[in-house]
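> sequence first, then the predicted structure, then my questions.
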Amino acid sequence: MISQKKYDTIIVGAGFTGLTAAYSLSKRGKQVRVIEASSRQGGLAETFEFDDGIRLEKFYHHWFNNDEYAPKLAKELGLENEITSLPTQTGMYFKKRIWKLSTPLDLLRFKPLSLIDRIRLGLLVIKVRRIKDWKTIEHMTIREWLEPLCGKKVYSVVWNPLVTSKFSIFSESINAVWMWKKLVLRGGTRNSSGGEELAYFKGGFGRLTDALVSAIEKAGGVVSFGEKATGLVTEGDKIHSIRTDKSEIRAKNYLFTPALPLIADIFKGEADLLWIDSLKKVRYLGNMCIVLRLSQKLSDIYWLNVNDSDFPFVGVIEHTNFDPPEHYGNSNIVFLSRYLSVEDTLWSNEDEQILEFALLHLQRMFPNLERSWIQEYRVWRAEYAQPVTERNYSDNIPGHETPFENAFISSMAQIYPEDRGTNYAIREGLAIAEKISNQFDIKRFS
């Protein structure tokens, strides 16, 4: 079925980039249509409900207290009072023991490292901040750059296990910029006592995406769920319409925000093969996230990095040590995160098998944990969760332009040198909306 309505802009993907772009264009009086293959908005910040209706993100989320774009958007939507900034506890599980690492004093007590190595670790952020041009280290791997700065012992105990858990088979090829940006950002989230503070949106990020959808619709826009973009109809150097599994729709301009391989599939058969191949140069890892709702808490730590190589999860994130249990029916929420290839055998296991696998390892860390504590659980998978930022990654990032003059792309893989995050997704949505709006104006006056 071909829709008779012609929109100003059709946006594929209702993550934060797509929704922010749609909201920004709608404010300018543009008729916008957003199509989303999932049943809900949010992308990697999509939410779900437990059996009693309590809502939560599928994958753990927070903001840093120095983020700029997310708070501004919330304020514009009249929701600035819904942001709460809280101190958090960070720790490390190493050699069958949990170590707190939230403050400088915690660091001095970290006995797996010698005193001189603890000092080296503490001074690392100062050394990292001296780097102003990230391109000067992009040709180096994390190990090549970081090991000389902090020493082999610090790298082997603190950083190598985390990089390996995060990037799996790609861990020795990830460029130094990824770690540099992480260290700079985390170093800037400290309060006056040296502890870390993070921010969260009351009631979850789903409430913010709800507000975005409402604002788009109030301005006359349309947001469609359960509708997948499947292909294009082109005329010369322009896209005439986009095919979905439900209809064919037309617009003056088009924006595509999914992962680059998914964009390549949509453009297949219509765009130049060299350009499509350029989208496939960026590789991704998937993420499997197990959400546990427990009757009792595991620890007092919000973010527990796992530095034991035989533990199959990169982190144990006890969400209710950040956003309190009373917001979740007085239960305790724990996320277990694992990055992996979709070819990994664990990826295709049944949810119950994955739960049993997780419990087997989690009980080694928390011996008092009993299966009876589990009130509910969910297993979520995201195939394109983490772009693999290898050496000289900026050389492989496609621009926002496409082979068609009325089509643009803006995806998570293009946020670089920053890593993923809702704050930067919002930034990119605003930037691409500005570019599309300027194109409208140029055409109008040409």
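Yep, that arrived.
> which positions in stretch 235-253 come out as buried?
Neighbour-count burial for stretch 235-253, counted by 16 or more other Cβ atoms under 10 Å, picks out Ile239, Ser241, Ile242, Arg243, Thr244, Glu248, Ile249, Arg250, Ala251, Lys252, Asn253. Placement of C-beta: from N, CA and C, glycine included.
> ok, the longest strand anywhere in the chain: who's next to it in the sheet?
Ranked by residue count and defined by DSSP state E, the top strand of the chain is strand 374-387. Note on strand 374-387: by DSSP bridges, its sheet partners are strand 284-294 (antiparallel).
> what about the nearest residue to Val379 once chain neighbours are set aside, how many neighbours?
Distance criterion Cβ to Cβ, 6 or more residues apart in numbering; nearest residue to Val379, sequence neighbours excluded, is Asp351 at 4.3 Å. Residues lying near Asp351 (other Cβ atoms under 10 Å) number 13.
> again, but for Glu172
Residues near Glu172, counting by other Cβ under 10 Å: 13.
> contacting residues for Leu346?
Residues counted as contacts of Leu346 (Cβ atoms under 8 Å, 6 or more residues apart in numbering) are Met288, Pro312, Arg338, Leu340, Ile354, Phe357.
> out of these, which sit inside helices?
Ile354, Phe357 (DSSP state H).
> in the contacts of Leu346, find the pair that's most separated.
Across these, no pair lies farther apart than Leu340 and Phe357, at 12.3 Å, counting by Cβ to Cβ.
> of those two, who's got more company?
Taking other Cβ under 10 Å, Leu340 and Phe357 do not tie; Leu340 has more neighbours (19 against 15).
> from Pro312, how far out is the closest residue in space to Ser171 that isn't next to it in sequence?
Once flanking residues are discounted, Ser171 sits nearest to Thr164: 4.5 Å by Cβ to Cβ, 6+ apart. For Thr164, the distance to Pro312 equals 12 Å [Cβ to Cβ, to the nearest Å].
> between the two, what contacts are shared?
What both Thr164 and Pro312 touch, as defined by Cβ under 8 Å, 6+ apart, is an empty set.
> which residue is the nearest non-sequential neighbour of Gly151?
With sequence-adjacent residues excluded and distances taken as Cβ to Cβ, 6+ apart, Gly151 is closest to Arg120, at 5.3 Å.
> show me what contacts Arg427?
Counted by Cβ under 8 Å, 6+ apart, Arg427 has contacts Glu68, Tyr69.
> within the helices and strands, which one has it?
Using DSSP states H and E, Arg427 sits within helix 422-445.
> how about stretch 175-185: buried residues?
Using 16+ other Cβ under 10 Å as the test for burial, stretch 175-185 gives Asn175, Ala176, Val177, Trp178, Met179, Trp180, Lys181, Lys182, Leu183, Leu185.
> in a helix, Ala21, correct?
Yes: counting by DSSP: H, G, I helix; E, B strand; the rest coil, one finds Ala21 located in a helix.
> and the gap between it and Gly220?
For Ala21 relative to Gly220 (Cβ to Cβ), the value is 16 Å.
> now Ile116
64 Å.
> let me see the contact set for the residue nearest to Val163 when sequence neighbours are not counted.
Closest residue in space to Val163, ignoring its immediate chain neighbours: Ser171 at 4.9 Å, by Cβ to Cβ, 6+ apart. Contact partners of Ser171, counting by Cβ under 8 Å, 6+ apart, are Ile142, Asn160, Val163, Thr164.
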